[in-house]
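Student: Sequence first, then the predicted structure, then my questions.
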Amino acid sequence: MLKIVGYTDRPSVRPGESLAFKVSCEAGATEFEAEIQRLICGDDSPHGPGFKAEPVAASVNGRYPGRKQRINAGSFGIIDAGVEMAAGARFAVTVFVQPTWLAKRAEQAVMACRTPTQGRPGWTLLLDETGRPRFELTDGERHVAVTLDRALPERRWSQLLLVADPSVQQRITLVHRLVSPLPGEDVELKVIADLTFPPPPFHGIPVTIAAELAAIDGPRLLTTRHFDGRIEAPVILPPGELEVGHWDFSIGIDTQTITDISRHGRHGRLVNLPTRAVTGANWKGQTLRWSERPDLYGAIHFHSDDLHDMQWETDFSWTIPPNLPSGVYAARVSCAGGGEDYLPFFVLPAKTAKKAPVAFLASTFTFLAYANSHHGYEDSLSEVCYGALLELGPTEQFLKERRDFGISLYDRHRDGSGGVYSSWHRPILNTRPKRALWNFNADLHVVDWLTETDQAFDVITDDRIHEEGLALLSDYRCIVTGSHPEYHSTAMLDAFDAYLQAGGRLMYLGGNGFYWRVATHADLPGVIEVRRGEAGTRCFELPAGERFHSFSGEWGGLWRSNGRAPQALVGVGFVAEGFDENSHFVRTEGSFEPRAKFIFEGIGPEERIGDFGVLGGAAGYELDAADPELGTPPHALVLARSVEHSNVYLLTPEEMLAGFPGTDAIENPRVRAELVYFETAKGGGVFSTGSITWAASLSHDGYQNNVARITGNVLRRFIDPKPL
């Protein structure tokens, strides 16, 4: 069990900006210690260069009271103002429902109007443990409930209708109607029960959708009985009269607002990012783009493991000093019993500061995409892909038990649907030093190499490029990526295109980069959305009609499928992956071209490039190669090509039009990584390594090796202002 965890309120800051730190002592420690550190290398593995961090003299260093902070995972809608109905008034509720996880065998609230005070007077329309509709009503002392003797079918649409009539008939009627009944099914089923007391008055009691309000803890709402599935068109009305509330989810799909179209205008809000832009009960394939026919997308998909913002209390805040160098930093928090966590953040230079010639790109969107991922051990194909038995470290074991820390964009929700949103506002336990050499911790190998070679550099981030565009990139002669810059927004690709056309230089030191399209939302900082479709290496595929981003309306999926393949930007693109053993490169004819002479200074013609490294070789995990049909410039030089991969390395799905034998590295020469170099407009240039594990070979033999030499040769030339 991890004893202490925490997070910052945003990933990136500049001098003068403030950063909030939020910490939870999970094992019950009553105090913890915090120290700001500059991170240089996070690799504490037996064959790595060792963990390296420098303490920072910060005003926030010191001891703080500790406590375990609460989490309220699970998405829901809430109408804070509630509805207004007098004591004893008759009312009805109608709603379309599609449950998606009845196997959890738990009560699931579809709609509720209950006060969190003692006795919790109000009502709930729910599904019981077997999926049967039930209605409960209480005035805080007396209780009545009615249950239909038919479970709702899973992943099919039903309509529920509830009528509570204390005036004349003094009864409760609960009706279940199948939207598309199968042969032999009864379209409608009804149950009637006595209503033995008048409903209590409803004055300002919040209405909740997909959960029941249990308590209010300051700004946080604590909920229970979370519903997994889709809900559409909830209505509350007195029978035969105008609606008290009618919420149309097809309005404001790109927002977190739920709109009341009744005359009362009791609008609500969504909590914990349920999935919008999903098909409703009346969708029959009429369109695939929600923005064309929003009326067909009047549903919201709620999940009991959705999470946006943990809303933990802030333990300390730090205003970044004006003299703090740009870099990768973390607050190390520790408590009794050996508890330790690092809360990373990225410090950019002030806009008016003198810039270094080099900027290292911290791939914050990629870190978010993989945040707290479970797929490495939940996916049944994991051991096949790794070519080995799985080993779960402390982080994986903790996350396996703590679904309330949210999931990644590689995971399925507990109901089997794919995750499309990811948020920074939670502890992201796999974006840490001293963890697996993947993404953040692997990228620190590049930071370590830049530091050890005394190369001055600044740090920039995905989220800031998305916001600031070319203005941020143009401050630097050369941009250097980490090992896996996979996720990018439209604004980011536009910025990189403009930067290269203006004479900028880009060193892409990774693999599987510039691959998936990301959407962001102006009102949801620190959140990204990814919609995976019918192409790409993916853990799931979203249903038809749901592949356009809800945030932006853009078509999701691969940048390749959007007409902007990575080959057109950096010369190479993802072609294969494997996770058993890594290999090396051999030089090709292109490396002997005069244009490439500066790259191979000090490298012999027959040298095996990168047959060493922390991960066993510089060519591995995920591999990129050139492809003129996808945009590799005709003048690009293929400098080296990887060889001797195992049969665990396979072509990616988008590289095949149909399945066929011989797709592994032993039988198929297309399974390879390629080093590529080409010049761009106005003296700019691109150098790409095409492999995730390239960076893990930089430190070999005290940073004196051919991977480090080639990388250094390119960097020195790229920061030279002389046109390429």
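Tutor: Right, received. Where do you want to start? Numbers count the residues shown, from 1 in each chain.
Student: Which residue, other than its chain neighbours, is closest to residue 457?
Tutor: Leaving aside its sequence neighbours, residue 457 sits nearest to residue 358 (Cβ to Cβ, 6 or more residues apart in numbering; 4.2 Å). All C-beta atoms are positioned from the backbone trio N, CA, C, and that covers glycine.
Student: close enough to count as contact, the one you found and residue 478?
Tutor: Yes: using Cβ atoms under 8 Å, residue 358 is in contact with residue 478, at 5.1 Å.
Student: tell me the mean pLDDT for stretch 432-450?
Tutor: For stretch 432-450, mean pLDDT rounds to 97.
Student: repeat for stretch 166-185
Tutor: Here stretch 166-185 scores 91 as its mean pLDDT.
Student: For that stretch, C-alpha coordinates in PDB please.
Tutor: Output in PDB follows, covering the C-alpha atoms of stretch 166-185 (Å, rounded to 0.1, in the frame of the first residue of the first chain):
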ATOM      1  CA  PRO A 166     -51.800  11.000  -3.000                       C
ATOM      2  CA  SER A 167     -54.900  13.100  -3.700                       C
ATOM      3  CA  VAL A 168     -57.600  10.800  -5.000                       C
ATOM      4  CA  GLN A 169     -56.200   7.400  -5.900                       C
ATOM      5  CA  GLN A 170     -53.600   7.300  -3.100                       C
ATOM      6  CA  ARG A 171     -51.300   5.100  -5.000                       C
ATOM      7  CA  ILE A 172     -47.900   4.800  -6.600                       C
ATOM      8  CA  THR A 173     -47.700   3.500 -10.200                       C
ATOM      9  CA  LEU A 174     -44.400   2.300 -11.600                       C
ATOM     10  CA  VAL A 175     -44.200   1.500 -15.400                       C
ATOM     11  CA  HIS A 176     -41.400  -0.100 -17.500                       C
ATOM     12  CA  ARG A 177     -41.700   0.200 -21.300                       C
ATOM     13  CA  LEU A 178     -39.200  -1.400 -23.700                       C
ATOM     14  CA  VAL A 179     -38.200   1.000 -26.400                       C
ATOM     15  CA  SER A 180     -37.400  -1.800 -28.900                       C
ATOM     16  CA  PRO A 181     -39.000  -5.000 -27.600                       C
ATOM     17  CA  LEU A 182     -37.800  -8.400 -28.900                       C
ATOM     18  CA  PRO A 183     -40.300 -11.000 -30.100                       C
ATOM     19  CA  GLY A 184     -42.200 -12.400 -27.200                       C
ATOM     20  CA  GLU A 185     -41.400  -9.600 -24.800                       C
END
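Student: I'd like the mean pLDDT over stretch 692-703, please.
Tutor: On average, stretch 692-703 scores 98.
Student: Which positions within that stretch qualify as buried?
Tutor: By 16 or more other Cβ atoms under 10 Å, the buried positions in stretch 692-703 come out as 692, 693, 694, 695, 696, 697, 698, 699, 700, 703.
Student: Identify, from those residues, the entry nearest to residue 63.
Tutor: residue 699 (35.0 Å; Cβ to Cβ).
Student: can you count the residues close to the nearest residue to the closest one once chain neighbours are set aside?
Tutor: Leaving aside its chain neighbours, residue 699 sits nearest to residue 49 (4.1 Å; criterion: Cβ to Cβ, 6+ apart). Using other Cβ atoms under 10 Å, residue 49 is surrounded by 23 other residues.
Student: how much space between residue 49 and residue 340?
Tutor: 20 Å (Cβ to Cβ, to the nearest Å).
Student: Could you do residue 646 as well?
Tutor: 36 Å.
Student: ditto for residue 593
Tutor: 50 Å.
Student: Nearest the geometric middle of the chain, what residue?
Tutor: With distances taken as Cα atoms, centre = their mean, residue 422 lies nearest the centre of the chain, 3.0 Å away.
Student: Need the pLDDT of it.
Tutor: pLDDT, residue 422: 98.
Student: Going by secondary structure, it is in what exactly?
Tutor: strand 421-423 (DSSP states H and E).
Student: rewinding a little: can you check which residues contact both of residue 358 and residue 478?
Tutor: Taking Cβ atoms under 8 Å, 6 or more residues apart in numbering as the contact rule, residue 358 and residue 478 both touch 715, 719.
Student: more crowded one of these two?
Tutor: residue 478 (24 against 20).
Student: Tell me the bridge partners for the more buried one.
Tutor: Under the criterion DSSP bridges, residue 478 forms beta bridges with residue 358, residue 505.
Student: pLDDT wise, what is it at?
Tutor: 98.
Student: same deal with residue 242?
Tutor: So residue 242 comes in at 68 (pLDDT).
Student: same question, residue 349
Tutor: Predicted confidence (pLDDT) for residue 349: 98.
Student: Tell me the secondary structure of it, please.
Tutor: coil (DSSP: H, G, I helix; E, B strand; the rest coil).
Student: Chain neighbours aside, what residue packs nearest to it?
Tutor: Nearest residue to residue 349 in three dimensions, chain neighbours excluded: residue 326, at 4.4 Å (Cβ to Cβ, 6+ apart).
Student: just checking, the one you found touches residue 456?
Tutor: No: counting by Cβ under 8 Å, residue 326 stays clear of residue 456, with 9.8 Å between them.
Student: all helices of the protein, in order?
Tutor: 364-369, 375-378, 382-386, 394-401, 440-452, 462-468, 470-473, 490-501, 566-570, 700-703, 706-718 (DSSP state H).
Student: Can I get those helices in JSON lines including distance to residue 15?
Tutor: As requested, those are exported to JSON lines (distance: least, Cβ to Cβ, whole Å):
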{"stretch": "helix 364-369", "distance to residue 15": "19"}
{"stretch": "helix 375-378", "distance to residue 15": "37"}
{"stretch": "helix 382-386", "distance to residue 15": "43"}
{"stretch": "helix 394-401", "distance to residue 15": "32"}
{"stretch": "helix 440-452", "distance to residue 15": "19"}
{"stretch": "helix 462-468", "distance to residue 15": "14"}
{"stretch": "helix 470-473", "distance to residue 15": "15"}
{"stretch": "helix 490-501", "distance to residue 15": "23"}
{"stretch": "helix 566-570", "distance to residue 15": "31"}
{"stretch": "helix 700-703", "distance to residue 15": "30"}
{"stretch": "helix 706-718", "distance to residue 15": "26"}
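Student: Right, I'll call it a day here.
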